[in-house]
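K.L.:
can't give you the sequence, but here's the structure:
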C-alpha cells in the first residue's frame, strides 16, 4: 500500500536531514495532501485542516531531525499530524460549536457514494464527540483501516491499549448507532 | 458478539469519509512556510543552489520570497512618485495621464532612477533584518530619506493599502540591495499592472509605472474602493464553429454588477474591470419580450439577429427570455426571513437606514397571509421578530425600525438561526426564502466560504432558498455574495439607493421572490455552414461544460416570475471575411457531409419546475428569417441591449468592441430608449457620459466629444436608429 512512497520518502528524508533543501521541499510537497487529508478527516473542517497542515509543514523542518526511521515515515507523519490536531483542538478558541453540522463535502460537489458518505458523516459526528484517545483509536482503525498494532505505533501506546480504547468507544457508541 | 460485529460494520463506513481537496493557495503558503522554517533550522546558511526552490528564496538563505521583494521594490518608488505627485502636481489634469502613459521609454528611465534612489535610501531607514516582517505600509517611510515622517496624504495611503495586497510581507534591507539592479521579472511586472490601475487613478502624469499600463494606452483606468472584492474572470473568446459548435451556460438574473458600477461611476471613479459583468449589466433593464401564457412552458425565448454596432462584418444574435407571470390567484403565501447584518459597519446612511426603508417597501407589497421574521447577526444578535403574519404590519415595521447597528461583531450562528426560524414558519405550499442583507460582513457563524455554501445548498435542498442583498461600498465581497445566492437558488442584488430598493423589492419583488423554473441552462449549437465563428458576450462566470447540459445534477440559475434574461452572441456569418481565425485546412470534408441547412443554429433550454428534480427541454431552431439587415429595423430592446453590451465591453477594456466611442454608444442608447417608463435607460445614458468624462477617447478609432470640436458628431454613427444627441 505504501511501499513506493516509502522508498522515495526514505531517500528524501535522509537527504533532508543533511540539510538538502531540495529534498526537503520535495518531501513536504509530496506529503502535503496526505497531511491535509488526515487533518481534514480528523477535524472535519477545511480551514482548520489547512492551518494544521501548514503547522505540520513548519514543524517538519525541525522535527525531521528526530525521525529515526524505526517506524515508517507515514506512520510518523500520522503521529505528527494527529498531535497537531490535538494541540489545536485543545486550544479552546478553535472549538467552534456552531459549526458542527456542515463540515466535509456537500453531495453535489462529490457525487460518488452519496448515501454511504452521508452515513459516514453522521457517524463521524458521533465519533468526534468521544474522548480524545478513543476517537483517535477509532479513526485510525476504522477510517484509516489500520490494524491495532499500527494504530498503537502511531498513538505511541501498547496494542492492548488501542484495543481497550476501541472497546470503550464501541460501548459509548452502541447506544447511538 | 453479533452486536459487536454490527458496530464493526457500521464503523467501517468511516472509511467512506470524503475530504475536500486542499486549496493550492493554502498548499503554496504551507510549502513556503516550511522552506523558511527549514532554512532557519539549518546550522549554516544553505549553499545557494540554483534550482527550482529559488523562486521561494532570494540569495543565500535569506528566506525572502523573491516575488514579494521585487514587487516591493517596484512599489517603493511608486510611493515616492505618488508622494511627490500628490504634493506638487495635484492639479495636473486627468487627460494627461493617458497621453503620458503612451510615452514608454522616458518612464523606464525615470523608473530606473527612482529605483536607484530607493535602494540607496533603504539602508538608512530600514528596520533590522531580524524582525523581517515589515509591511509595505511602512514602505513610504523607508524610501523617503528627506521626509522621514510621511505626511498623511490620502491618496498615498489608499494606494499603499492596496499595494499590501500584492506584497504582504516585506523585504529585508540587503535583499533590496541585492536585487535592485536586476531587471524586473516579467511576472512581477504583470502583477504590477494589477496594482497599477488602482494606484493610477489618483496619480498624475509622471508616474513611473512601466509596461502594463503603458501597453494599453486606451484602456480604462479603474479605481476600486478598498476592500471590495470581485471574482476574477477572463472574457469569453471567439470560438470556431467547426471545431466548437456548442456553447452552454447557466442563466443569470442577477443585476448587482450594474448597480455597483453605477454607484462607482456616479462617485466619479471607474470600476474595476472584474466588477463589470456584461450579462448583469444587460439584464438590469426591463425588456418587453412576449411572456408565455401558461406555466406549462414557464418561459419563452424571443430571438433576433441584428448588425453589430462595433463591427460591420458580424451580427449579434440576441436571445431574450421572459418568465411566466402567474396571476394573483395562483400566488402562494411567502415565508420570508430577513437575516440582517447589524454590525457597526452598517451604521452609514446608505446601509442600515437604507435597508430599513427598503424592507419597509417590501412589507407593503406582501399579502396578509405572508409571514415575515427577522434575525440579526453581529451586534444585537438573535431573533428580532418571530414569524409574524404580514397583516400585522405595524409589528413588523416596528421591529425593522428598532434595528440598531452595534459595534461588536461576536460570531453568532446567525445564518443557522435564520434557517431555523424560517423552517418553523413553513406552511403548506409556502414559498420559503431567507434574505441576507449585509455590507459584506459574512460573520454569520460559519467562517469558511466553502462550508457556508455547502450549508446553503443543504438548506436549498430542504426548500428554503436564499437571496443576498449588498449594501454600501468598501467592504463588499461580491464574489462570495454571488456564490451564496447561486448556491441558494436565489439572486444577488446590490442596493445603492432607495430607487434601486424600489426596483429590486417592489417592481421585481415578485420575480425575485417567486421562482418559476430552476436550474435553467441554455445550449446553442451553431451551424458551421452559416456561422463561422461566435462569441458569447458575458456569462463568463456562468459557463457550463457541454455535457452538463443534460446532467440534472448540475446546478444552474433560476428564473423568477416575469424575469427577463438576455443573452447575446456575436456571430460571424460564414463567408463574411471577418473571421478572426484562419480557415481550417483539414476540416472541410466533415462539414461538407453535414446536411445543408439554412438554420443559423439550434437553441435548447433545460429547466426544472421549482419543486422538481427532472429537467424538461424546450428547443427551437434559430432560423434565417430572424436576421434584421439594418439596425433601424431592429427592435428598441435589441438595440438597447447591444448598447449596454458595447458600454460594458468598453468599460472593461475588453478585447472586443472597443471601437465605438462613448458618444456612439450614447447615440445608440438614446435611439433605443423606447417608452422607458422608469427612466432606467435615461440613467444609463448618463452613466455612459460619466464614463466618457472619466476616460475620454483618445485612440484613433473612436472620437470623443472632448477632442473633437464637433462633439464627436463629425464621425458618422452607424445605424443607431436615432438622432445623435449630446444629451
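P.N.:
Here it is on my side, so go on. What you see is a predicted model; the values in this text were computed from it and never measured. Numbers count the residues shown, from 1 in each chain, chains lettered A, B, ... in the order given.

K.L.:
Now do whatever residue of the stretch 201-350 of chain B ends up closest to chain A: how many residues are near it, please.
P.N.:
Taking CB to the nearest CB as the measure, the point where the stretch 201-350 of chain B comes nearest chain A is residue B:250, at 14.0 Å. C-beta coordinates here come from the backbone N, C-alpha and C atoms, glycine included. If you count neighbours by other CB atoms under 10 Å in any protein chain shown, residue B:250 ends up with 21.

K.L.:
What residues does the nearest residue in space to it that is not next to it in sequence make contact with?
P.N.:
Closest residue in space to residue B:250, ignoring its immediate chain neighbours: residue B:556 at 3.6 Å, by CB to CB, 6 or more residues apart in numbering or on different chains. Going by CB atoms under 8 Å, 6 or more residues apart in numbering or on different chains, residue B:556 touches B:250-251, B:518-521, B:542, B:544.

K.L.:
Return the subset of those lying in strands.
P.N.:
Cross-referencing these against strands under DSSP state E gives B:250, B:518-521.

K.L.:
Out of the contacts of residue B:556, the closest to chain A would be?
P.N.:
Using CB to the nearest CB, residue B:519 is the member of these that lies nearest chain A, at 11.4 Å.

K.L.:
residue ranges for the strands of the stretch 201-350 of chain B, please.
P.N.:
Using DSSP state E, counting those that start in this stretch, the strands found in the stretch 201-350 of chain B span residues B:239-240, B:246-250, B:299-308, B:311-323, B:334-341.

K.L.:
export the ones you listed to TSV and tack on mean pLDDT?
P.N.:
Formatted as TSV, the strands of the stretch 201-350 of chain B follow (pLDDT from 0 to 100):
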stretch	mean pLDDT
strand B:239-240	88
strand B:246-250	93
strand B:299-308	92
strand B:311-323	91
strand B:334-341	90
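
K.L.:
domain assignment for chain A?
P.N.:
Per automatic domain parsing, the domain ranges recorded for chain A read A:1-103, A:104-177.

K.L.:
Point out where chain A drops to low pLDDT.
P.N.:
Residue ranges of chain A with pLDDT under 70: A:1-7, A:91-118, A:176-177.

K.L.:
Mind doing that once more with 50?
P.N.:
A:1-4, A:92-103, A:107, A:111 (pLDDT under 50).

K.L.:
quick one, longest helix in it?
P.N.:
Secondary structure of chain A per DSSP state H: the longest helix is helix A:21-43.

K.L.:
In terms of secondary structure, what does the following helix or strand past that helix contact?
P.N.:
Using DSSP states H and E, the helix or strand that directly follows helix A:21-43 along the chain is helix A:46-63. For helix A:46-63, the packing partners by 3 or more CB pairs under 8 Å, 6 or more residues apart in numbering or on different chains; DSSP states H and E come out as helix A:21-43, helix A:73-90, helix B:24-41, helix B:449-461.

K.L.:
List buried residues within the contacts of residue B:556.
P.N.:
Among the contacts of residue B:556, those classed as buried by 16 or more other CB atoms under 10 Å in any protein chain shown are B:250-251, B:518-521, B:542, B:544.

K.L.:
how deep is residue B:362 tucked in, by neighbour count?
P.N.:
Residues lying near residue B:362 (other CB under 10 Å) number 23.

K.L.:
Check the gap between the closest residue to residue A:85 other than its chain neighbours and residue A:161 for me.
P.N.:
Spatial nearest neighbour of residue A:85, excluding adjacent residues (CB to CB, 6+ apart): residue A:42 at 4.6 Å. Distance of residue A:42 to residue A:161, given as CB to CB, to the nearest Å: 19 Å.

K.L.:
Please apply the same query to residue B:500.
P.N.:
Residue B:500 is 65 Å from residue A:161, by CB to CB.

K.L.:
neighbour-wise, which of these two wins?
P.N.:
Neighbour count, other CB under 10 Å: between residue B:500 and residue A:161, residue B:500 has more, with 21 against 16.

K.L.:
so how far is chain A from that one?
P.N.:
Look at residue B:500 and chain A: by CB to the nearest CB, to the nearest Å, they are 32 Å apart.

K.L.:
Help me confirm that that residue is found in a helix?
P.N.:
Yes: assessed by DSSP: H, G, I helix; E, B strand; the rest coil, residue B:500 belongs to a helix.

K.L.:
if I pick it, what's in contact with it?
P.N.:
Residues in contact with residue B:500 (CB under 8 Å, 6+ apart) are B:259, B:493-494.

K.L.:
Tabulate the residues you listed (CSV), appending neighbour count, pLDDT and distance to chain A.
P.N.:
As requested, these are exported to CSV (neighbours: other CB atoms under 10 Å in any protein chain shown; pLDDT from 0 to 100; distance: CB to the nearest CB, whole Å):
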residue, neighbour count, pLDDT, distance to chain A
B:259, 22, 87, 30
B:493, 26, 85, 24
B:494, 26, 86, 26
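
K.L.:
from those residues, which is closest to residue A:52?
P.N.:
residue B:494 (36.7 Å; CB to CB).

K.L.:
correct me, but the closest one touches residue B:256?
P.N.:
Yes: at 3.9 Å, residue B:494 and residue B:256 qualify as touching, with contact defined as CB atoms under 8 Å.

K.L.:
what is in contact with these two at once?
P.N.:
Shared contacts of residue B:494 and residue B:256 (CB under 8 Å, 6+ apart): B:470, B:478.

K.L.:
so how far is chain B from the residue most central in space within chain A?
P.N.:
Residue closest to the average C-alpha location in chain A (CA atoms, centre = their mean): residue A:38, at 3.6 Å. As judged by CB to the nearest CB, residue A:38 and chain B stand 9 Å apart.

K.L.:
Could you report the neighbour count for the residue nearest to that residue when sequence neighbours are not counted?
P.N.:
The shortest distance from residue A:38 to any non-neighbouring residue, by CB to CB, 6+ apart, is to residue A:81 (4.9 Å). Residue A:81: 25 surrounding residues under other CB under 10 Å.

K.L.:
pretty sure residue A:81 is touching residue A:35, no?
P.N.:
Yes: if you go by CB under 8 Å, residue A:81 and residue A:35 touch, sitting 5.3 Å apart.

K.L.:
okay, and the common contacts of those two?
P.N.:
A:52-53, A:56.

K.L.:
now those as JSON lines including neighbour count?
P.N.:
Formatted as JSON lines, the shared contacts of residue A:81 and residue A:35 follow (neighbours: other CB atoms under 10 Å in any protein chain shown):
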{"residue": "A:52", "neighbour count": "27"}
{"residue": "A:53", "neighbour count": "29"}
{"residue": "A:56", "neighbour count": "26"}
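
K.L.:
Now flag whichever of these is closest to chain B.
P.N.:
residue A:53 (5.5 Å).
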